[in-house]
Structure formats: C-alpha cells, structure tokens
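> Compute the structure for the input listed below.
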Amino acid sequence: MLSPTPLSLFCALLLCLPLAVVFTVNTTTTPNSTANSNGKNDNLRNGKTLFFSAPPPPPPLIIPKDDESLFRVAGRVNPKPSPPGSAKKLAFMFLTTSPLPFAPLWEIYFNSTSPNLYNIYIHADPTTHYDSPFQGVFADRVIPSSKPTQRFTPTLISAARRLLSQALLHDPSNYMFALLSSSCIPLHSFNFSYETLVRSKKSFIEILKNQPGMEARWAARGEDVMLPEVALESCRIGSQFWTLTRKHARIVVRDERLWSKFKLPCLHWDTCYPEENYFPTLLSMHDPRGCIPATLTHVDWRGRSDGHPRTYEAAEVGPDLILTLRSARPRYGDEETNRSDSSVTPRHDPFLFARKFSPDSIQPLMDIASDVIFKD
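Predicted coordinates:
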C-alpha cells in the first residue's frame, strides 16, 4: 500500500474544510436548549442535538358566501372526522323561517353535556322578522350564507346544502349531521342520542321507492326534463329530515350532476317537493349500502293530504304522547334497499326527534322535560 505524501494530506485537508465550516454554522444556530428537573438537557438525546420546528399556524378559514364557491370548497374536506382519536361531534342543523319556540327545551338538552361533543348551526331566512335574537346555546349560530327559502322550490335543498357546507368547514370533528326544523323536539337525552349516532357508521335517511304520485313528482319540471341524469325508476322519496355521516354530507355538497336537474323550477307546484326527492335519490344512487333507509325524526302523516303533517297541540302533550312516539318503529325503505343490508329488516332504531309541535306546547313539554323526555 502506498504511503500518503505531504501533498496528498494537504489536499485532503482542503477538501474537509468546507464541511467544518458548515458544521460550525449549524451548531451555532441551534435553538436554546432547556434543562429539565433532572438537570438534563431536553434537546439532547443519545448525545445528539435535536432540532424542533413548530408548524406554521393554519391560515384563517374564509368561508365563501356564494353557493357555488361554498359547495366547491366544502366538497374538498376530509371525508373522515379528524384529528384521529378525538371525540366525535354531532352537528345539529336547524332550518327555520321563524324563531325557535322550543329553544328552552333544547337549552336543557344541550346544557346537560360537554360543549365539546356538539355544534349548532342555524339557517334563518333573512327576510323573516325575529322578535328576539337567538340566545343561549343558539347565540351566534346563524350561518352567514343564509338566504330566503320557500316551499315548492329548490331553495330548501340549497339551505340544507349550505348548512352541511358550513358544518363540514367549521369543525373537522363533526361526525354526524342532523337536519331539524323549528317545530322539532328531542325525544331522549343528549347522551342517548349521542351514543345512538356515534355508534353508527351509516346515515339515517328515509329512502322509499314506487310511492304513490312518484311519476307526477318526477315530471313536475316538465316531461322527461330529469333525463338522462335521473330516470323515473331511479327516483326516490323520503323525509326531508335526516342524519348523514360525514362521508355522505360531502357527497351532497360535491354533487353537481343531480343538482343540475333538481334546481330547475317546477311547472306544477302541487307535485313539487324537491327536498323530499333530492337527498334520498342522490344517496340511493351513490351509496345505498351506506344508508339505513329510515328517518329518526318521528312525524305523523296519517290522514293528511295537504302536504302538512299532524301538529301536536298543547292539550295533547303529556308523558303518554312522548312514550308513544318513542316506542313507534321507523318505516324502513323499499325492498331493494333492504336487500342491500340484511340487518335492515329486523331493525328497530329509536326515534330521537319528533315533529310537528305547536309553539304553545312548550310549557307542557317543559313540565315533563326532566321526568319524562330526558329520562332514558
């Protein structure tokens, strides 16, 4: 082996000099280390210096007010609740054109638990006069994108999509999204509702097929206008009030294909109930296996033909009514949807909410709140 000459040693020294300079610069810019209670340096591990760099703060969330931008941005969120391991939250979305007459009852409902388990969102028609602003747990919960709504128009669909978009963007921990009206009341305690919903990996949405009047509803915008996006045999009907998973909420706000048809104005208003067709049709086409085809909001349509369900008056409210509503079994979806999940047929999911109650029934409801409604 050849012995190194003085010249080769000198060249090697010159090659190593830049590395020495870099090492010196890096060590002098090391963050100040701190000593723990044992007198040891927390920034040292196995004799090596550790470098910590805090992630930059997230940019402030700017939620668009125009629907097109709002839906587009909301459609990009993570379909899974995050961060992993954090408590799942319920998003309660109230769609209203009036004050909330049952706010005192809901106040008890929400104040019985940690505010880290839920969020409240209100779509309030800005053209409506509210005698008093929303207070208590409802204070500052009106979404800024609220717009006027009207029956027999697609504006009720738009309002629900705005609520979903706001809830998706506002809190990544929102896991289930429940749509409610101002005439809804809870039938159980918050804890009961929470446990029921967070255990589920599926949405609760009524999906019915071959219902009376389906063809007239499908043709309400004109003959064959819904084609080719929505064939008559693909059209479904169901309750306007549902509870969706985060995955399905994202599907709803991302949709453009079916919305391009359902947003068209109806020519026949007496058969125009787009909010009862759009959501069940969309999810039955995208993910029927991911849905329990039933609503968890009880409503009584027996003997009704005017488009309005039965309203419970103050004189009817009592323990027996609440227990009767609780014990009722939801109507599950059509046979085809049931076959997608063999567990659907024998199911008996509990109704968590009920409508429609007259505003003056608030006092008898409050009288039985502790001993009946919130006693599981």
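
> Could you list every helix and strand in contact with the strand or helix carrying Met366?
Assigned by DSSP states H and E, Met366 belongs to helix 362-367. On a contact count with 3 or more Cβ pairs under 8 Å, 6 or more residues apart in numbering; DSSP states H and E, helix 362-367 meets helix 103-111. For every residue, glycine as well, the C-beta is placed using N, CA and C.

> in the helix it packs on, what counts as buried?
Ala103, Leu105, Trp106, Ile108, Tyr109, Phe110 (16 or more other Cβ atoms under 10 Å).

> Stretch 198-210 too?
Of all the residues in stretch 198-210, those buried under the rule 16+ other Cβ under 10 Å are Val198, Ser200, Lys202, Ser203, Phe204, Ile205, Glu206, Ile207, Leu208, Lys209.

> Show me where the stretch 251-376 of the chain has its strands.
All strands of the stretch 251-376 of the chain, identified by DSSP state E, counting those that start in this stretch, fall at 291-292, 297-298, 353-354.

> go on, the stretch 1-150 of the chain?
Taking DSSP E, counting those that start in this stretch as the criterion, the stretch 1-150 of the chain contains strands spanning 44-45, 48-49, 89-96, 118-124.

> thought Ala369 was touching Glu107?
No: using Cβ atoms under 8 Å, Ala369 is not in contact with Glu107; the gap is 10.1 Å.

> How about the contacts made by Ala249?
Leu164, Ala167, Leu168, Phe177 (Cβ atoms under 8 Å, 6 or more residues apart in numbering).

> tell me which of those is nearest to Phe357?
Here the nearest of these to Phe357, counting by Cβ to Cβ, is Phe177; it sits at 22.5 Å.

> Can you verify my assumption that Pro350 contacts Ser189?
No: counting by Cβ under 8 Å, Ser189 is not a contact partner of Pro350; they are 11.8 Å apart.

> burial of Ala315, as a residue count?
Using other Cβ atoms under 10 Å as the criterion, Ala315 is surrounded by 10 other residues.

> mind starting the numbering at 9 from now?
Let's use 9 as the start, then, which means that last one is Ala323.

> So it versus Asp368, what's the distance?
Ala323 sits 10 Å away from Asp368, taking Cβ to Cβ, to the nearest Å as the criterion.

> Just the pLDDT for the closest residue to Pro141 other than its chain neighbours.
The shortest distance from Pro141 to any residue other than its chain neighbours is 7.5 Å, reached at Ala147 (Cβ to Cβ, 6 or more residues apart in numbering). The score at Ala147 is 94. That number is its pLDDT.

> what's the answer for the one 3 residues further on, then?
What the model reports as pLDDT for Val150 is 94.

> doesn't Asp133 make contact with it?
No: with the criterion set as Cβ under 8 Å, Val150 and Asp133 do not qualify as a contacting pair; they are 10.3 Å apart.

> How about the secondary structure of the residue nearest to the spatial centre of the chain?
Against the mean C-alpha coordinate of the chain, by Cα atoms, centre = their mean, the closest residue is Phe185 at 2.7 Å. Using DSSP: H, G, I helix; E, B strand; the rest coil, the structure places Phe185 in strand.

> Tell me what it is bridged to.
Partner residues in beta bridges with Phe185, using DSSP bridges, are Ala99, Leu252.

> Contacts only, for it.
In this structure, Phe185 makes contact with Leu98, Ala99, Met101, Leu171, Leu172, Ala175, Thr251, Leu252, Thr253, Arg254, Ala257, judged by Cβ under 8 Å, 6+ apart.

> From the structure, what's the count of residues near Thr289?
Thr289 is flanked by 24 other residues according to other Cβ under 10 Å.

> Let's have the buried residues of stretch 206-218 in a markdown table, adding secondary structure, pLDDT and distance to Ala302.
What follows is those, written out as a markdown table (DSSP: H, G, I helix; E, B strand; the rest coil; pLDDT from 0 to 100; distance: Cβ to Cβ, whole Å):
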| residue | secondary structure | pLDDT | distance to Ala302 |
| --- | --- | --- | --- |
| Val206 | helix | 97 | 18 |
| Ser208 | coil | 97 | 12 |
| Lys210 | coil | 97 | 10 |
| Ser211 | strand | 98 | 10 |
| Phe212 | strand | 98 | 6 |
| Ile213 | coil | 98 | 8 |
| Glu214 | coil | 97 | 6 |
| Ile215 | coil | 97 | 8 |
| Leu216 | strand | 96 | 10 |
| Lys217 | coil | 93 | 14 |
